[in-house]
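Asks: take this sequence and fold it.
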Amino acid sequence: LKRGPQQRGAPARPPTVPAQMLHLLSALLRSVLPRFARLCTRLGLPLSPALARAAGQRSPAFAETQAAPVENDEDMARRKLTHDVVKKVGGLQLNHLSEEVHDAVLLCLRGVEAAPMAAVAPFMRRALQEDKLWRRFAQQEFPDTGAGEQAEAATSADEAGLAEAYRTLLSMEQCKSLTWRKVPCRHRLRAREGSPGMFSRRGHLFVLGGWSRGPEIDLHAGRLDAAPLTLSEIDMRGNPPAEAYEMAVTVLEEDEPLGASGGDPDEPLEPFRVLYSGGYLYGGYHGESTRFGILEISFPDRDEPPRAEWVHVGDMTPRSNHSATFVPPRLAGPEYPKGYVVTVGGNNSGYVSADVEILDLADNTWMVCDVMGEEGDEGQVRSPEARNSHSATLVNGRILVVGGGQGDSTNGGPPRGGAELRDAWWLDGLEGARLRWSR
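Replies: Numbering: from 1, shown residues only. From the prediction side, this is the model:
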């Protein structure tokens, strides 16, 4: 190990290793040192007290014992050399090492594992800001894909750094590992299309509405821990909105952790609510619904099927094939104490739309939003094209709108008519619903 060029000439006060790095190194040493200590013992090499303590072993070479072993000249020379090495290495810090050593250490990790190191130490941040390191990560992790060349091409295309190109390659590789499998299931849904709403909560899977022998507004549910999965129809009380298909179904609470089943088994499961909005009333993708409803699903007893009741039904702008995304109170701000739902696009009265509306869940009233566009390089304002059948997902305090189509009554309608869109937009400014678009 050699000192880096930045450390030529002893500094008055060497910089210290950050606490986070020490914790990381200590975790590594705890796994490595016992094996190293056993190797030293087997070779007859002495251990320093600090090294012995870290390895969980005694240090006979340095410990003061009642009966010290008799040493020959060779043993004494070896002990003196060990003392000298320990003394010199004891003051060595990670940032004393050369940049080549830093790079070599990081390349022992995967890029996704090395990235957090930038927040731990400035000298690691320097290394992780260089494209050459990310090129090496791409080449060693994706050797069969021409990753280095792909990363260079991606960088040239969008002027992003190679670190961002690496993330893209990693995401593509992770997608390849996804696999489909058929789930054994019993149900009485019959053939079902028209985008039925499907969601899971409290250890149950729910299917709501869609098109079977016409528009449906039925609810089926089954426990996720049952084998095979068995979906049974749930009676719904109250007055429902109009039966429709290609509507939007939105759970009005934040996502549960994966695998969550409802907390303490001795406590009753909490009820939750679902928004059912818009959709087509008639076959052939026409006649957008002007109604929405809020369905409350409760669990009086864990061993019994859930119950459902329509607790509110009202009017809305005619809309279908739209997205409807729940914004929780923690993001919506004090102006929306129960949060709100953002609807984007869809088809309105037969035509594809770019409109954005919000539903205030405190009083269940709708409001049309005038969303600010993004200013382009030449001063022009850009915003998404009109679209339907897209996705809109809450991600880290923003809504990501992806893809969609432009089929409407003028070009054959969804899902086959019109152009397909391949762009993506961020909807920012969720606090206070001061919405604005960005790329």
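Asks: which residues of the stretch 151-300 of the chain score low on pLDDT?
Replies: Applying pLDDT under 70 to the stretch 151-300 of the chain picks out residues 151-160, 257-266.
Asks: now the strands for it?
Replies: Using DSSP state E, counting those that start in this stretch, the strands of the stretch 151-300 of the chain run over residues 185-186, 197-201, 204-211, 215-223, 229-230, 232-234, 236-237, 248-251, 272-277, 280-282, 286-288, 291-298.
Asks: what residues of the last one count as buried?
Replies: What it means is strand 291-298. Arg291, Phe292, Gly293, Ile294, Leu295, Glu296, Ile297 (16 or more other CB atoms under 10 Å). Bear in mind the C-beta positions are built from the backbone N, C-alpha and C, glycine included.
Asks: give the pairing partners of that strand; include direction for each.
Replies: As defined by DSSP bridges, the strand partners of strand 291-298 come to strand 272-277 (antiparallel), strand 307-315 (antiparallel).
Asks: to Ser200, which of those strands lies closest?
Replies: strand 272-277 (11.1 Å; CB to CB).
Asks: put the alpha carbons of the closest one into CSV.
Replies: Backbone C-alpha positions of strand 272-277 (Å, rounded to 0.1, in the frame of the first residue of the first chain) are rendered in CSV as follows:
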residue,chain,number,x,y,z
PHE,A,272,-60.0,1.0,4.4
ARG,A,273,-61.7,2.9,1.5
VAL,A,274,-61.5,2.6,-2.3
LEU,A,275,-62.4,5.2,-5.0
TYR,A,276,-64.3,3.9,-8.1
SER,A,277,-64.4,6.7,-10.7
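Asks: ok, residues contacting that strand?
Replies: Residues outside strand 272-277 that contact it (CB atoms under 8 Å, 6 or more residues apart in numbering) are 197, 199, 201-202, 206, 208-209, 217, 240-241, 247-253, 292-297, 311, 316, 319, 322, 324, 326, 341, 343, 359.
Asks: how about stretch 181-201?
Replies: 205-213, 215-216, 220, 222, 224, 227-233, 245-249, 251, 253, 256, 272, 274, 276, 280, 297, 321.
Asks: now find how far off-centre that stretch is within its chain.
Replies: Averaging C-alpha positions (CA atoms, centre = their mean, to the nearest Å) puts stretch 181-201 25 Å from its chain's average.
Asks: can you give me the end-to-end distance of it?
Replies: End-to-end distance of stretch 181-201 (CA to CA, to the nearest Å): 21 Å.
Asks: picking that back up, give me the buried entries from the contacts of strand 272-277.
Replies: By 16+ other CB under 10 Å, the contacts of strand 272-277 give 197, 199, 201-202, 206, 208-209, 217, 240-241, 247-252, 292-297, 316, 319, 322, 324, 326, 341, 343, 359 as buried.
Asks: look up how far Cys185 lies from Leu231.
Replies: 7 Å (CB to CB, to the nearest Å).
Asks: shared neighbours, those two?
Replies: Common neighbours of Leu231 and Cys185 (CB under 8 Å, 6+ apart) are Gly222.
Asks: quick one, which of the two is more surrounded?
Replies: Between Leu231 and Cys185, counted using other CB atoms under 10 Å, Leu231 has the larger neighbour count: 20 against 13.
Asks: so what's the more buried one up against?
Replies: Taking CB under 8 Å, 6+ apart, one finds Cys185, Arg186, His187, Arg188, Leu189, Leu205, Val207, His220, Ala221, Gly222 in contact with Leu231.
Asks: can you pull out the helices in the stretch 51-200 of the chain?
Replies: Taking DSSP state H, counting those that start in this stretch, the helices of the stretch 51-200 of the chain run over residues 73-90, 99-106, 111-114, 122-128, 131-141, 147-158, 162-176.
Asks: does the closest residue to Asp360 other than its chain neighbours have beta-bridge partners, and which?
Replies: Closest residue to Asp360 apart from its sequence neighbours, by CB to CB, 6 or more residues apart in numbering: Tyr340 at 5.3 Å. Beta bridges link Tyr340 to Val327, Asp360, judged by DSSP bridges.
Asks: against Ala221, how distant is the nearest residue to Arg302 once chain neighbours are set aside?
Replies: Closest residue in space to Arg302, ignoring its immediate chain neighbours: Leu269 at 6.4 Å, by CB to CB, 6+ apart. Separation of Leu269 from Ala221 (CB to CB) stands at 12 Å.
Asks: ok, now Cys175?
Replies: Cys175 is 30 Å from Ala221, by CB to CB.
Asks: re earlier: quick check: which of the strands paired with strand 291-298 is buried the most?
Replies: strand 272-277 (a mean of 22; mean count of other CB atoms under 10 Å).
Asks: could you check the angle strand 215-223 makes with that one?
Replies: Interaxial angle of strand 272-277 relative to strand 215-223 (axes from the mean of the first three to the mean of the last three CA atoms, to 10 degrees): 160 degrees.
Asks: hey, what's Gly197 bridged with?
Replies: Under the criterion used (DSSP bridges), Gly197 bridges to Leu208.
Asks: begin at 296, not 1, for the rest of this chat.
Replies: Shifting the count to begin at 296 puts that one at Gly492.
Asks: neighbours of Gly645, how many?
Replies: Neighbours of Gly645 (other CB under 10 Å): 15.
Asks: again, but for Arg420
Replies: For Arg420, using other CB under 10 Å, the count is 12.
Asks: for it, what are its contacts?
Replies: Counting by CB under 8 Å, 6+ apart, Arg420 touches Met412, Ala413, Ala414.
Asks: which one (most neighbours) among the residues you listed?
Replies: The most crowded member of these, judged by other CB under 10 Å, is Met412 (20 neighbours).
Asks: can you tell me the SS state at Leu689?
Replies: With DSSP: H, G, I helix; E, B strand; the rest coil as the basis, Leu689 sits in strand.
Asks: that one pairs with what?
Replies: Ile694.
Asks: isn't it right up against Ala619?
Replies: No - checked against CB atoms under 8 Å, the pair Leu689 and Ala619 is beyond contact range at 11.4 Å.
Asks: could you measure from Gly578 over to Asn706?
Replies: 19 Å.
Asks: isn't His397 right up against Ala422?
Replies: Yes - contact criterion CB under 8 Å: His397 and Ala422 qualify, at 5.0 Å.
Asks: right, I'll call it a day here.
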